[in-house]
Structure formats: structure tokens, C-alpha cells
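A.B. asks: Predicted model and sequence follow; I will ask about them next.
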Amino acid sequence: MTAITSTRITQLLLGGMIADAYGVPYEFRPRQAMAKRRMDGYGTYDQPAGSWSDDSSLTLILAANLLENGSLNDLMDKMVTYLDGAYTPMGECFDIGNATRKAIIAYAQGTEPRMAGDRSPAANGNGALMRIAPLAVSLLNEPDSTVRRQVITDTTIVTHGHERSVIASVIYVELLRHLLAGEPLAVSLTAARDAIKDVGFSAQELSYYQWLFTPSFPLLPESDIRSSGYVVDTLEAAVWLNFQPETYPQLVMHAVDLGEDTDTVAQIAATIYCAAHPNVEFPKAWRNDLILPRDIAVLIARFAARFSVGN
């Protein structure tokens with residue numbers, strides 16, 4: 001059984017939230033040198049510094065759902081409350097993807113959770129990928145790969161029903177699991193690749209992720225890395241960033257300088273980084289700037305305590 005401390009789980013969640021908040025003011029800007037040593041505010045969404053987006057809100061909702069052993073209906077019920085400002089830094093839902101909003105509304109109007117997510121190829125944004133990291137913690141010591149894959153699938157399709165999004169979620173969760181178990185990034189990525197092989201995914205959909213697993217991928221120039229909200233682009237950018245020899249703040253600033261979906265790329269890249277670095281340290285100023293309501297801090301602490309194993 002892999003041991004994981006409550007501190008490490010807390011750092012995993014906070015590391016993603018800090019990166020998310022850092023990237024929020026820059027979202028949708030073109031690739032350029034934008035990042036600064038301080039955490040900015042009042043950019044794209046006119047929110048104060050330290051405001052995190054739907055990436056973190058929906059991640060926290062999944063954490064709350066797992067903490068309560070909740071059903072998919074419970075998960076979707078919590079997402080409905082997000083539209084009214086729950087699980088947010090300032091009581092306001094200021095950012096949500098189209099596919100996620102569409103799925104939440106469909107559920108609220110009576111659609112069964114597993115059928116709420118759009119199944120069209122055009123609906124392969126990163127809205128499921130960005131919120132699914134808590135499964136790496138809850139499934140860390142689940143030995144049955146079939147069980148893990150089904151849980152990941154069910155959690156994904158409530159908002160993003162296409163197979164391409166499911167594959168991305170499986171890669172990400174399995175990558176995090178192996179990193180949390182202490183395996184190097186390259187080894188963990190190979191394990192994630194193995195988790196999607198010969199398990200029923202179509203060859204056509206698997207082909208979208210071939211580049212990610214090539215030996216030359218970590219050595220690609222930045223010009224070959226796309227940082228859009230398309231799920232394949234986001235996953236590739238986040239993994240590529242972690243192959244660069246950078247500290248946590250350098251990685252986050254690099255993610256932001258890639259442009260486009262700055263908050264989500266930074267959040268996912270930072271979560272991978274935190275999974276791979278048990279002793280990660282955040283810039284004190286960024287941690288202090290992060291808006292962290294008491295109820296959210298309590299949720300994170302409870303989730304970390306619930307799923308910690310060993311010392």
C-alpha cells in the first residue's frame with residue numbers, strides 16, 4: 001500500500017489552486033512573456049488577485065463528493081450549486097466552460113448524470129480533465145485497474161461524454177497515481193500509456209495521444225506545444241512543462257507565458273509537479289494572496305485527512 005500524508009494531499013490541491021489563480025488574469029491572451037513574480041488580478045475576468053476559477057471550484061466539488069462517498073447525482077447537485085456561487089473564492093461563478101454549463105443545465109432539467117455530458121467530438125474541451133485530480137488520491141491504492149477506469153469514466157462523462165476526454169482523464173489520473181507512489185515522470189507516463197492500451201478504447205481515439213508518449217516529446221521546442229482549451233492540447237502542454245527543468249514558480253510562470261488557456265494549463269501542470277515533488281514549496285507571496293475561505297480550507301483539510309495513509 002502506498003503511503004500518502006495529509007500534508008502531501010493538501011499540497012497537491014493547493015498547488016493546483018495557486019497556479020489556477022495565478023493564470024486567471026491572463027486567460028485567452030496570446031503567447032508572450034506575461035508572467036510576473038507577483039500574483040496579479042483584474043485581468044481577463046476583472047477578479048481580485050488570488051481568485052481561482054472553475055478549474056479549482058469543480059475540483060473541490062469532486063473532493064467534497066468523494067469525502068462524502070457521494071453518488072454521481074450528488075456530484076451533479078454540487079455542480080448546480082456552483083452556478084449560484086458555491087465553492088468559489090468570492091461567492092460568484094465568474095468562469096465556466098460551455099460544455100460543463102450545458103451538462104449541468106441538462107442534469108438540472110432531468111437528464112441522468114451519465115448522459116449529461118456532450119458526446120460529440122466537438123465537445124472535447126478540458127473541463128473534465130481540470131477537475132478530476134482528486135481521483136488520483138481516492139484511487140491511489142485501488143489495485144483493480146478495471147475499477148479505476150470505470151470510476152474515472154463515470155466521473156468524466158457527466159460533463160464530457162466523448163471517448164477522447166475519457167482517455168485523457170485516465171492518462172492524467174494514472175500519471176498522478178504513479179507519481180504519488182514515487183515513480184519518476186517518464187516511468188509514470190509509460191504506466192499511464194499502458195493503462196489505456198488494450199482495454200477497449202478505439203485505435204482512432206488513442207491515436208490522438210500518440211505524440212505524448214514518443215521518446216522525443218519532452219525535447220520538443222515550445223513552438224510545437226499548443227496550450228488551448230482542447231483536451232489533447234492541455235494535457236500535452238501540462239506534461240511537457242513538467243519535463244522542463246524548472247521550480248514550481250518557474251513552471252507556473254512558463255505555463256502562463258504559453259498563453260491561451262493559462263489557468264487550466266497552469267493548474268494541471270502544477271498538480272503534476274506537486275505529485276512528483278513531495279517537498280514542493282510555494283512562493284510565500286502567492287500562498288498569502290490565494291483567496292481561501294474558511295469553508296474551503298476545512299474541506300481541503302477533511303479530504304486530506306480522510307484519504308491519507310501512513311505517516
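C.D. replies: Thanks, I have it. What you see is a predicted model; the values in this text were computed from it and never measured.
A.B. asks: Now stretch 260-268: average pLDDT?
C.D. replies: Averaging pLDDT along stretch 260-268 gives 97.
A.B. asks: Now do the helices in the stretch 201-311 of the chain.
C.D. replies: 203-206, 231-242, 248-257, 262-276, 284-289, 294-307 (DSSP state H, counting those that start in this stretch).
A.B. asks: hmm, who's touching the shortest one?
C.D. replies: Put plainly, it is helix 203-206. Helix 203-206 has contacts (Cβ atoms under 8 Å, 6 or more residues apart in numbering) with 163-164, 167, 196-197. (C-beta placed from N, C-alpha, C; glycine too.)
A.B. asks: Save the residues you listed as JSON lines, and put in pLDDT and distance to Q210 too.
C.D. replies: Listed next are the contacts of helix 203-206 as JSON lines, based on pLDDT from 0 to 100; distance: Cβ to Cβ, whole Å:
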{"residue": "E163", "pLDDT": "98", "distance to Q210": "15"}
{"residue": "R164", "pLDDT": "98", "distance to Q210": "13"}
{"residue": "I167", "pLDDT": "98", "distance to Q210": "11"}
{"residue": "I196", "pLDDT": "98", "distance to Q210": "11"}
{"residue": "K197", "pLDDT": "96", "distance to Q210": "12"}
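A.B. asks: give me phi/psi at I196?
C.D. replies: Here is the backbone geometry of I196 (degrees, to the nearest 10): phi -110, psi 0.
A.B. asks: Return the residues in contact with it.
C.D. replies: Per Cβ under 8 Å, 6+ apart, neighbours of I196: 167, 170-171, 206, 209.
A.B. asks: Compare the residues you listed and tell me which is most surrounded.
C.D. replies: Within the contacts of I196, I167 tops the neighbour count with 26 neighbours, counted by other Cβ atoms under 10 Å.
A.B. asks: so that residue is in which element?
C.D. replies: Assigned by DSSP states H and E, I167 belongs to helix 163-180.
A.B. asks: Tell me the helices and strands packed up against that helix.
C.D. replies: Applying 3 or more Cβ pairs under 8 Å, 6 or more residues apart in numbering; DSSP states H and E, one finds that helix 163-180 contacts helix 134-138, helix 145-157, helix 185-195, helix 203-206, helix 231-242, helix 262-276.
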